[in-house]
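1. Provided below for reference: sequence and predicted model.
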Amino acid sequence: MIEINNLVKRYGNLVALDHLNLNIHEGEIFGLLGPNGSGKTTAINCMLALLKYDKGTIRIMGEEMRPDNYKIKQQIGIVLQNVAVFDELTVYENIDYFCGLYIKDKTKRRHLVEEAIQFVGLEDYVRVRPKKLSGGLLRRLNIACGIAHKPKLIILDEPTVAVDPQSRNKILEGIQKLNRQGSTIIYTSHYMEEVEQICTRIAIIDHGRSIAVGTKEELKNMIKTGETITIEAIALEQKHLNDIQQLPHIFELSYHEQILTLRCTGAEHNLIRVLNYLQEQHIPFGRVFSELPTLNDVFLEITGKQLRD
Amino acid sequence: MTVYKGYMKILKQNKGLILLYLVIFFSVTMMFQAVAKNDIPGNYQAESVKIGIVDSDGGPLARGLISYLEHFHKVTLLADDTAAMQEKLFYRDIEYIVRIPSDFFDTCMADGQKLSVTKVPGSYTSFYVDQQINSFLNNARTYYAAGFSEEEVSEASQMPSTVEVNLLDTNGTAGATPNFVYYFRYIPYLFLSVLCYVMGNILAAFRRGDLPKRMQASAVSMHRQNTESLLAAATIAIVLWAITIIASLFFYHDTLINHGGFIYFLLNSFMMLLVALTISYLVGLITTNSNMLSGIVNVISLGMCFLCGTFVPLEYMNSGVKTAAQFLPVYWYEKTNDLLAQFGSITGDVRIEVLQGLGIQLVFAVAFVCIAMAISKRKRTI
């Protein structure tokens, strides 16, 4: 569906996209995950031909994406990071306006607008102007404006920023529904939970480069960490720490403010081995957690920093 | 025509504002028209002064002078009582007193002495009487020098010489300014205010936040978007112009239609419309919110109208202001409007001057378009 090869975009001396490569398949929900300023929005703007880029190629649906390639633009739905609606028009008029940029037939458009209103759950607000809508409802309107014409490809650039949890869930469910209806989705976010929840494939972007691409399982398999064990333990001595470090599969250990954190490679019985050792040594311990790796762990291990740094 | 319809929908939000400006325009025009109408006749009416005459001579020349002054003024013969005369002057029963001495003919004709007069201090009408008495005496002296007797001098100087004045009626309204000229004079204020506000609001709406990006990414080409925007702006402007012209025909019907410069009045207002439209586009490009828009529109519309002769006629302005105003398009509109008001038929040199005025406005419009395009290009993200 989309092929991006060696995409380079510079703003003066700043390299926003540094030889970015992406291959997005039809029918998937593709997540672009990265911290703020990593180049997600720049990549989207280049895909939409809103920005000129210095190097590389972008092909969408087999054709090169250019500012005047309206045949491709016709097939794309856009939900930008900032809400882009007219304050002067009502909810219905806004959706009708943006749908009208793609669909000329009045009857068909009316049907599509009504469907979009229903899809985002704004039936009770059709005559309301955007200024009177809450943040969540406004985001839903923004989405309705982007998807009303039923595009094959929908690009959503951080559509859940500053949205309450209830609206966020509604939006995420809606995106999955759109995907089930046949649309390919590109979803950018710096919320790893959202990306993990809905995306079928994910690209992690940092400093304008794609540092890892795959399904969430594939991404997690790329890293050493298979399990993170956290134990509340009092009075551990250096000797104990050295012993624990020697246990199989443990490759990283930290003990800070009576919290022992162990990073283990993927294997069975890691937790049991550690707890057995503590019991043998008569070391009292409190709460115990065992977590599977998250995308944040993937990001942390690859870049050495947190996703939300 | 989605973009066009979008413009029209946003325009609907401004209909109250347009109506308000139309009401202000019509009210101001009618008010100024009424004031101007009352002012004109007074400027040319002769004043009659209450004159008291103390005739100590009683001779033919003295009677001749009294008769001459009675021709213009209200004359009262007074007794030679200084206290009574002062009282009459104090209470303004009389504004001017002439004392004719007993040997009037000899002293004034032969010796060339002046008549003794007393007048209300600071009265401008007394200068008028001074001139008439001097005129009478100068004529009398001329006749006397030519050998006329006192009776003959008195009789010859009796009737004031009259001059036949032929009014050159260049505008077909006997020198008076036709009412519709005032109407057309205030048009720049209406066009600038309404178009700048309306277009400013619409363009600001289309440039708010990520909307330009959203529009750019849509399936409607930029060329089509621009064409539809232009069409919408032209529709708004032409509807405003049509309302203005239809209203002028309603108010002045035959007087306006039969005026020799009717077509040129329409052309001049149309050029002003183009100028206002291009300025409004420029304003829309540089403003981001309604408060800023309000300030800029007021500065542009009121500033230009005050400097360029819309509210204060150009003839009352000093040359410095007029020189500065020449760099503004409204000046050329008002200059052309004044020229059209002066002449009933537009031919020859007048026509050339009118066409120059129209041409200069067109040049201004083109210049504003070029500036707007340059700003627009600079603001574009790509």
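-> Arrived safely, thanks for sending. Numbers count the residues shown, from 1 in each chain, chains lettered A, B, ... in the order given.

2. and the strands in chain B?
-> Along chain B, the segments classed as strands by DSSP state E run B:50-55, B:74-77, B:96-100, B:116-119.

3. now distance to A:Arg168 and mean neighbour count too, for the ones you listed, in a markdown table please.
-> Placement of C-beta: from N, CA and C, glycine included. Formatted as a markdown table, the strands of chain B follow (distance: least, Cβ to Cβ, whole Å; neighbours: other Cβ atoms under 10 Å in any protein chain shown):
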| stretch | distance to A:Arg168 | mean neighbour count |
| --- | --- | --- |
| strand B:50-55 | 94 | 20 |
| strand B:74-77 | 96 | 14 |
| strand B:96-100 | 96 | 21 |
| strand B:116-119 | 95 | 15 |
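
4. least confident of those strands, on average?
-> In terms of mean pLDDT, the lowest-scoring of the strands of chain B is strand B:116-119 (a mean of 85).

5. and that one, what other elements does it pack with?
-> strand B:96-100, helix B:125-145 (3 or more Cβ pairs under 8 Å, 6 or more residues apart in numbering or on different chains; DSSP states H and E).

6. packing partners for the longest one?
-> Right, the one you point to is helix B:125-145. helix B:60-70, strand B:96-100, strand B:116-119, helix B:150-158.

7. and these as a markdown table, adding distance to A:Glu114?
-> Listed next are the helices and strands packed on helix B:125-145 as a markdown table, based on distance: least, Cβ to Cβ, whole Å:
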| stretch | distance to A:Glu114 |
| --- | --- |
| helix B:60-70 | 94 |
| strand B:96-100 | 91 |
| strand B:116-119 | 91 |
| helix B:150-158 | 99 |
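
8. out of these, flag the one nearest B:Asn298.
-> Closest approach to B:Asn298 among the helices and strands packed on helix B:125-145 (Cβ to Cβ): strand B:116-119, 51.0 Å.

9. out of the strands of chain B, which gets nearest to A:Asn221?
-> strand B:116-119 (117.1 Å).

10. partners of the closest one in the sheet?
-> Each strand that pairs with strand B:116-119, with its direction, by DSSP bridges: strand B:96-100 (antiparallel).

11. where among the helices and strands packed on strand B:116-119 is the average confidence lowest?
-> helix B:125-145 (a mean of 84).

12. who touches it?
-> B:47, B:49, B:51, B:61, B:64-65, B:68-69, B:72-73, B:95-96, B:98, B:108-110, B:112, B:115, B:117, B:119-120, B:152-154, B:156-157, B:160 (Cβ atoms under 8 Å, 6 or more residues apart in numbering or on different chains).

13. hmm, 7 Å instead?
-> If you take Cβ atoms under 7 Å, 6 or more residues apart in numbering or on different chains as the criterion, helix B:125-145 is touched by B:47, B:49, B:51, B:61, B:65, B:68-69, B:72-73, B:95-96, B:98, B:108-109, B:115, B:119-120, B:152-153, B:156-157.

14. repeat that for stretch B:66-73.
-> Contacts for stretch B:66-73 (Cβ under 7 Å, 6+ apart): B:48-49, B:51, B:53, B:55, B:75, B:129, B:132, B:136, B:157-158, B:160.

15. chain A: which of the residues you listed is nearest?
-> B:Ser48 (65.9 Å; Cβ to the nearest Cβ).

16. make TSV from the strands of chain B and add distance to A:Arg140 to it.
-> Formatted as TSV, the strands of chain B follow (distance: least, Cβ to Cβ, whole Å):
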stretch	distance to A:Arg140
strand B:50-55	88
strand B:74-77	89
strand B:96-100	90
strand B:116-119	89
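
17. which pLDDT does the model give B:Asn166?
-> Looking at B:Asn166, the pLDDT reads 68.

18. what about the stretch 151-300 of chain B, any weak spots by pLDDT?
-> For the stretch 151-300 of chain B, applying pLDDT under 70 flags the ranges B:159-176.

19. around chain A, which positions in it sit nearby?
-> Residues of the stretch 151-300 of chain B found near chain A (Cβ under 7 Å from any Cβ of the partner chain) are B:205, B:209-211, B:213-214, B:216-221.

20. what subset of these is buried?
-> Among those, those scoring as buried are B:205, B:210-211, B:213-214, B:216-220 (criterion: 16 or more other Cβ atoms under 10 Å in any protein chain shown).

21. that's a strand at A:Ile202, yeah?
-> Yes - according to DSSP: H, G, I helix; E, B strand; the rest coil, A:Ile202 belongs to a strand.
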